[in-house]
Structure formats: structure tokens, C-alpha cells
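Q: pasting the sequence and the predicted model now:
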Amino acid sequence: MSSASFSTPVFNSIAAILVNNFDVAPASITPQVALSELGLDSLALMEFVFAVEDAFHLRLPEDRLDPREAGITLQHLCEAIEAQIRCDVEPAMAAPA
Amino acid sequence: MRVTGLGFVTPIGHTAESFDDALFNGRSAVRAQTLGIAGLEPIELAVAPCDFDSASVRSSSRLPLDRGTAMALAAARDAAAQAGLHAGSVDPERLGIFWGSGLAGAGAFDDTTRALYGGKRRMRPTTVLTVMPNAAVAELALQFGAQGAAIAYACACASSAVAIGEAMRAIRGGWIDMAVVGGHEAMLTPGVMASWHAMRVTAPPPANSPGSACRPFSGDRAGFALGEGAAALVLESEAHARARGASEAMPFFLAGYATNCDATHITNPDPAGQVRAMRAALRDAGLEPGQIGHINAHGTATTAGDAAEAASIREVFGNAVPVSATKAIHGHVLGGGGAIELVAALRTLAHGMLPPTANLRLPDAAFDLDFVRGEPRQARNLRYVLSNSFAFGGTNAVLIAGRVTNH
């Protein structure tokens, strides 16, 4: 499976959050898995996205990523984070600490 | 009413060994803390924090936990392990959770709103669930699959004593067979600490000996030190414990309980109400005052609080029963205090030794009581210890714990 070799810093970080904070089994964490398939209820999913935002110091636009929506995968989440990192870089650097 | 499990997270330790060491040697966990809040003068406080990593505690709900809820889970898991209780091991409909906390999620709310007002760009989605007064109760019910009852008690500094006593009544009444009981408080956050300081009931930390900030029943007492922590017990009827073959390693039982209300003033305690509560607890246990071997006083070290309690104990017991106040070493754990002080009462029974009241060099000359101070005191044939919890709002709660003699 191609997913076995998928490894980016962003993916590894969110996988660590799922394992450490939400007790998700590492084997079930692949890029193709949908957020709705992680075994977390809607509140825990919202907390997961909150934790991801904290970890990357960014805010994911809700229109882009409503975790309650079916079909959004961890890969989609990674892409949303990477896109946000790119568009947040300049304002974040200009913002006071 | 058997006590078959005991667990705690306190400023003086999480194990019987560390708890006993501080309790019987009068070793205080109170330290000085300077509170800096923009717009306020720096506040010097005496506090008793727990050495506890709340982030390491995971719950069945997998939601983030308030620090107090994390402490509650840790304490209750220890108590349940000792009692041999786990989800599915007993009839779930006959198992209840009775839990007390004074300010419950106030610390969590303080943290969350501080982050929000400080620039955090959105509110945490589970804020309500971590802050609600039954947050810990709900997690405990999930943890143990308790379907019989899950009730949060909020009566300030009597909360956990009331929770424990009401569980005893529910078991006696036949509504349930077994309960995980106790309480917690974790509110050492800036806004909540500043609120207590503003009431002028907290002691200033002496520069060279912050551990002596809280001096119960002393002539120079100056208030209490804010503490944090949790304590849990597993209670069950004698018949239930026997039927499931519960370990008899723990020789403790609850003998009596009473609660009432002064209904005279929000903060100023009324000795008459305390007298009625202690006498009612003695009647509930079927005991005479002379059968109580030790009193763990509420002893907050406030001017008015200690004076009222010294008078009420004197009226019920004369000056024959030794008195200690352990808030001097573990601080005032507010809603969790009654449960932690019941742990102290059980450790007192376990050793047949009375803990000293730390920092009590010169008792207030107006108090005619036998205070244990300086050294711990041996107590032969100690059978019953009475523990007082008196709250803002006027609620009084008195628990009497006993030790079986054939051990």
C-alpha cells in the first residue's frame, strides 16, 4: 500500500496528536482514512482539529474543513494545514508574539 | 458501611507512605506564590499545589479534562483498583457516583476565558463540558459504568463530606449497593486565586517560612492557604462486600453522618448549627461523645471560623477529646477538603496515632480544647474519628469513621 510510505512532518504531527491525545491506534492512521472513521465522536473531532490548530499555530477556515462532514481524510487535513501555513506565514510573522 | 478502597491526589502526596509521612510529622506542603495580574498590585499568596501532571490522564470520553477532573479520575482509579471494582464487575444499576466540588470548573473557565481575552481566536468547543459542575461525576460514571446514580454536590467547603454522607444514606436506604465517592478542587488559577485573596481569608506567606502560613487554632492565626487535590473512597454495604468477596485488607467503615445548615449568615459560622450537626452525627452512629477518640477539625485558621468551631467542639465534647487540624499542611482544598480530611482520619485510625496540628505553637488562650501539637500522639484502642466540614453558605457536614476491632 502506498499509504505505508506516506510521511510528511505535518502528517506525522497530526498522527502523534491522534495517538497521544485521543488514544487512536497507530495502525488505523493512514492518509486515506476519513476523520469520521477514526472512532471519535463529533465533539472529540472538534477538539482534535482544535489541537491541530494549536500545534501549528494557525486557524483552519471552517468552510474548508468542517470535521463533521463525511469524506474528509487525513490527507485533506494535511493539505488544508499546508495551505494555511503558506497563507499565514507573512501575517503571523508580522503579528506581535 | 464498609470502605473498601481509598485513593487520593493531595499536596502531601498520592500514596499512603508520603501522606502519612507529612501527616504525622506535620510537614507542610504550603509554599509562597506571587500572583501577577495586569492592573493589580502583585499578590502574595500561600498555596499548596499538587505535584500532578494532569495532561497525562486520559478519560473514557477522550475529551480534554479540567485539572480537577483529571485528579478525580486518578484518585478514583486508585480507590477502585484497591476495591477490585472495574466496569462490569458489579451490577451497574446498583453502583453510584457521589462527588463534591465547591467551584468545580472555575479554574478551567478562568484558563479558557483568559486565553480568549488574551487573543486566542476561538473558544474551545468542549469548554462547557470541562467547566460544568458535574464534569468529574460524568467522567467517573463513564469510567466505572455506574448507572445507579451520578450526582454532583456543591456546598462549598462541605461538598465532598456531604457527597460521601449522602452516598452512605443511599446505600443504607437500599437504593444502591456500592458507590465511588469523594471530591476534588483545582482552582489555583490567577482569577480564582485573586478572588479568594479579595475575600481577605487567605494567609500571607511568612517570608522565611511559607510552610507556616496556615496556623489553625493559634493565637496568631491569619487565614488559610489555598490547596488543590482529590480524594476518593469506595463505599459498599457490608452484605455487598461479603457477597462479592471483597478484600478485608482495609479495616475501615463509616459509622455516622449528619448535615444541616446554620441559616444565619453566608460566611459567619454559627456554633449552634455546628453543635446540632455533631450531635446528629453521633446519634446517627449510635455513639456517645466519649467514644470519639479524635476530632479532625475543619480548622481553617480564620479568626471567626476557628473561634466558632472551638466553641462548638467544647460544647459537645468538653475538652477531653484530642483535636487536630490538618489544613496547616495540605492547605484548604475547599470542596475536596472533606474527602481529603476523611483520608487523614482513616490514616489516623490505621496507625492508632493522632497527627499534630502543624504550626500550632501557642493555641488561642480563649480555646479550652486538647490540641495535638508538636509531636504525633499515640492513641491506644482508637476506634472512632470524627471529621468536621463547615462551609460558606452555612452547610455543616460531620462524618464519623471507624476501625473494626478484630483486625
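A: Okay, I see it. Numbering: from 1, shown residues only, chains lettered A, B, ... in the order given.
Q: contacts, neighbours, all on C-alpha from now
A: Noted.
Q: which element, helix or strand, includes the most centrally placed residue in chain A?
A: Note on chain A: the residue nearest the mean C-alpha position is A:Leu77, at 4.5 Å, using CA atoms, centre = their mean. In this structure, A:Leu77 sits in helix A:74-94 according to DSSP states H and E.
Q: wait, a strand at B:Trp68?
A: Rather than Trp, residue B:68 is Gly. No. Assigned with DSSP: H, G, I helix; E, B strand; the rest coil, B:Gly68 falls outside any strand and is helix.
Q: give me the pLDDT for the residue nearest to it when sequence neighbours are not counted.
A: Closest residue to B:Gly68 in three dimensions, ignoring its sequence neighbours and counting by CA to CA, 6 or more residues apart in numbering or on different chains: B:Ala186, at 4.7 Å. Looking at B:Ala186, its pLDDT reads 97.
Q: got a list of what B:Ala186 touches?
A: The contact partners of B:Ala186, by CA atoms under 8 Å, 6 or more residues apart in numbering or on different chains, come to B:67-68, B:104, B:107, B:227-229, B:333.
Q: by neighbours, which of these wins?
A: B:Gly229 (38 neighbours; other CA atoms under 10 Å in any protein chain shown).
Q: and the closest residue to B:Gln143 other than its chain neighbours, how far from B:Leu73?
A: Distances taken as CA to CA, 6+ apart put B:Ser60 closest to B:Gln143, at 5.9 Å, once the chain neighbours are dropped. Between B:Ser60 and B:Leu73 the distance is 10 Å, computed by CA to CA, to the nearest Å.
Q: compare these two (neighbour count), which wins?
A: B:Leu73 (29 against 13).
Q: pretty sure that one is in a strand, no?
A: No. Applying three-state DSSP, one finds B:Leu73 to be helix, outside a strand.
Q: by contact count, what packs against the helix-or-strand element of chain B with minimal mean pLDDT?
A: Least confident helix or strand, chain B: helix B:106-117 with a mean of 90, by mean pLDDT, DSSP states H and E. With contacts defined as 3 or more CA pairs under 8 Å, 6 or more residues apart in numbering or on different chains; DSSP states H and E, the packing partners of helix B:106-117 are helix B:127-131, helix B:190-198.
Q: export those helices as a markdown table, with columns for mean neighbour count.
A: Formatted as a markdown table, these follow (neighbours: other CA atoms under 10 Å in any protein chain shown):
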| stretch | mean neighbour count |
| --- | --- |
| helix B:127-131 | 19 |
| helix B:190-198 | 16 |
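Q: so what's the residue nearest to B:Met187 when sequence neighbours are not counted up against?
A: Of all residues not flanking B:Met187 in the chain, B:Gly107 sits nearest, at 4.3 Å (CA to CA, 6+ apart). With contact set as CA under 8 Å, 6+ apart, B:Gly107 has these partners: B:66, B:186-189, B:192.
Q: could you rerun that using 7 Å?
A: B:186-189, B:192 (CA atoms under 7 Å, 6 or more residues apart in numbering or on different chains).
Q: cool, B:Met178 as well?
A: B:Met178 neighbours (CA under 7 Å, 6+ apart): B:94-96, B:171, B:235-237.
Q: would you map the helices across the chain?
A: You didn't say which chain, so I picked chain A. Assigned by DSSP state H, the helices in chain A fall at A:9-22, A:42-56, A:74-94.
Q: please go with chain B instead
A: Under DSSP H, chain B gives helices at B:16-25, B:67-83, B:106-117, B:127-131, B:135-144, B:159-172, B:190-198, B:238-243, B:271-285, B:303-317, B:327-330, B:337-351.
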